[in-house]
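S.K.: need coordinates for the following:
(chains A and B)
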Amino acid sequence: MTKYEWFKEFKNNLKDVPKEELDKAIEYYEELFEDKIDAGKSENEAILEFGSPSIASRRIRNEIIDDTPKTESFNMGVGGLYESVNEKVDDIDLNEEIKTKEPKTKTNKEEKQEEGCCRDNNNDVGRTIIFMLELFVFGIAYFVCFVTFWSLIVSLFACMISFIVGGIGGFIASIVGIFTVGVEYGFFSMGSCLILLSLGLLIVAFLKPVIKGSITLTKKSYNMFFGWYTKNMGGNK
Amino acid sequence: MDAQLKKGILDACVLSAIRKEESYGYKIISDMSKYIEISESTLYPILKRLEQTGAVTVRSKEYNGRLRKYYSITYVGLQKIEDFKQDFKEFKRIYEFINMEDSN
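M.R.: Numbering: from 1, shown residues only, chains lettered A, B, ... in the order given. Below you'll find the predicted structure:
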């Protein structure tokens, strides 16, 4: 097969794909061809290495079809397109993911939503909706946990400050109290202020490991959440 | 080999082939050929997908009076390599488990 024949058949097979896509693909193979000639290969050799034009065009077609639902899954029925893709034999099958994820359980409500959104029996759109719902619920849950947790830490910090300040202030006041109000009262309040101060110092001792632990906990949960998110996003592609 | 697994491996390989410096189709294939066989018609969809997901960027540069497309890796691409390494670690653990069950 000559270069001309190869490209002719290749273009012929891809007549129906958008011109822009076809041009890009042709550019790719032209560049490869030139590079092979530059590397000292013959035209025949270079074309032989391309493999058959039908396989090359099929791969490009599959890739374009796989792409479409990525951006338009919300308003387009792609069920029909997927069926045709599933016929391919030995390709890197992007739809594998979609096929293997099929047994995911769906509630009735979500299934209804799926049907309501597009009349075609379209699993991809349904899954996207489920994922969006999950993302919404988990996102809020995660956010609430995050805020609650960190406000607890902040309040602990506030407690520490107020204990220490109150303890020191009260201690000074109680010394004055010993001489002005009475010895009994003064020593009593001094004792309670010392307890307050020691509580504050106790928090100081624990604050560092607590904050360190919370930061790692936050990081871990963040990674977990986004790991889950990207995994699902990957699954939707 | 399982198609999904192969896809992940090939993605990581292509990204690694351009990790050090930008590269072009023919060079990527020759660099990879030492380690993994990849056909030209397989590489094209991979590059296209990587470009669309923002893992690589493309620019056309003149070479020998013609244009050549050079691919360079992005932060997303580097992250993808790291993700693959992590996945592989997990895979190794699972393999050990499977292997252990076998020998019993």
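S.K.: what about the helix or strand residue A:32 falls within, near chain B?
M.R.: Residue A:32 belongs to helix A:19-38 when assigned by DSSP states H and E. Yes. Using CB under 8 Å from any CB of the partner chain, helix A:19-38 reaches chain B at A:24, A:25, A:27, A:28, A:29, A:31, A:32, A:34, A:35, A:36, A:38. Bear in mind the C-beta positions are built from the backbone N, C-alpha and C, glycine included.
S.K.: ok, of those residues, which come out buried?
M.R.: Buried residues within the residues of helix A:19-38 next to chain B, counting neighbours by 16 or more other CB atoms under 10 Å in any protein chain shown: A:25, A:28, A:29, A:31, A:32, A:34, A:35, A:36.
S.K.: who does the helix holding residue A:32 touch, helix- and strand-wise?
M.R.: helix A:3-13, helix A:43-50, helix A:53-72, helix B:25-33, helix B:40-52, strand B:66-73 (3 or more CB pairs under 8 Å, 6 or more residues apart in numbering or on different chains; DSSP states H and E).
S.K.: go again using 7 Å as the cut-off
M.R.: helix A:3-13, helix A:43-50, helix B:25-33, helix B:40-52, strand B:66-73 (3 or more CB pairs under 7 Å, 6 or more residues apart in numbering or on different chains; DSSP states H and E).
S.K.: after the longest helix seen in chain A, which helix or strand is next?
M.R.: As assigned by DSSP state H, the longest helix anywhere in chain A is helix A:123-180. Next along the chain after helix A:123-180, taking DSSP H and E as the criterion, comes helix A:183-236.
S.K.: quick one: that next one to chain centroid distance?
M.R.: 28 Å (CA atoms, centre = their mean, to the nearest Å).
S.K.: one more: stretch A:181-191?
M.R.: Distance, centroid of stretch A:181-191 to centroid of chain: 61 Å (CA atoms, centre = their mean).
S.K.: in TSV: the residues of helix A:19-38 next to chain B, plus distance to residue A:182 and pLDDT.
M.R.: Below are those laid out as TSV (distance: CB to CB, whole Å; pLDDT from 0 to 100):
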residue	distance to residue A:182	pLDDT
A:24	93	88
A:25	96	88
A:27	97	90
A:28	95	91
A:29	100	91
A:31	97	91
A:32	98	90
A:34	102	90
A:35	99	90
A:36	103	90
A:38	103	89
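S.K.: closest to chain B among these?
M.R.: When these are ranked by distance to chain B (CB to the nearest CB), residue A:35 comes first, at 3.6 Å.
S.K.: that closest one contacts residue B:26, correct?
M.R.: Yes. Under the criterion of CB atoms under 7 Å, residue A:35 makes contact with residue B:26 at 3.6 Å.
S.K.: need the overlap of contacts for the two.
M.R.: Residues touching both residue A:35 and residue B:26 (CB atoms under 7 Å, 6 or more residues apart in numbering or on different chains): none.
S.K.: give me every residue in chain B lying close to chain A.
M.R.: Selection of chain B residues close to chain A by CB under 7 Å from any CB of the partner chain yields B:3-4, B:6-7, B:25-26, B:39-42, B:44-45, B:48, B:52, B:64, B:66, B:68-69.
S.K.: how far away is the residue lying closest to residue A:159 once chain neighbours are set aside from residue A:162?
M.R.: Spatially, and ignoring its direct neighbours in sequence, residue A:159 is nearest to residue A:203 (6.4 Å; CB to CB, 6 or more residues apart in numbering or on different chains). According to CB to CB, to the nearest Å, residue A:203 and residue A:162 sit 10 Å apart.
S.K.: tell me which of the two has more neighbours.
M.R.: residue A:203 (16 against 12; other CB atoms under 10 Å in any protein chain shown).
S.K.: for residue B:20, what are phi and psi?
M.R.: In terms of degrees, to the nearest 10, the main-chain angles of residue B:20 are phi -80, psi -50.
S.K.: ugh, wrong one, residue B:55
M.R.: Dihedral angles of residue B:55 (phi, psi; degrees, to the nearest 10) stand at phi -80, psi -20.
S.K.: so how many other residues sit close to it?
M.R.: 23.
S.K.: ok, it - contacts?
M.R.: B:15, B:74, B:76, B:77, B:80.
S.K.: sitting in helices, which of these do you find?
M.R.: B:15, B:76, B:77, B:80.
S.K.: dump these to CSV, plus neighbour count.
M.R.: Conversion of the ones in helices among the contacts of residue B:55 to CSV gives the following (neighbours: other CB atoms under 10 Å in any protein chain shown):
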residue, neighbour count
B:15, 23
B:76, 14
B:77, 24
B:80, 21
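S.K.: of those residues, closest to residue A:1?
M.R.: residue B:15 (32.5 Å; CB to CB).
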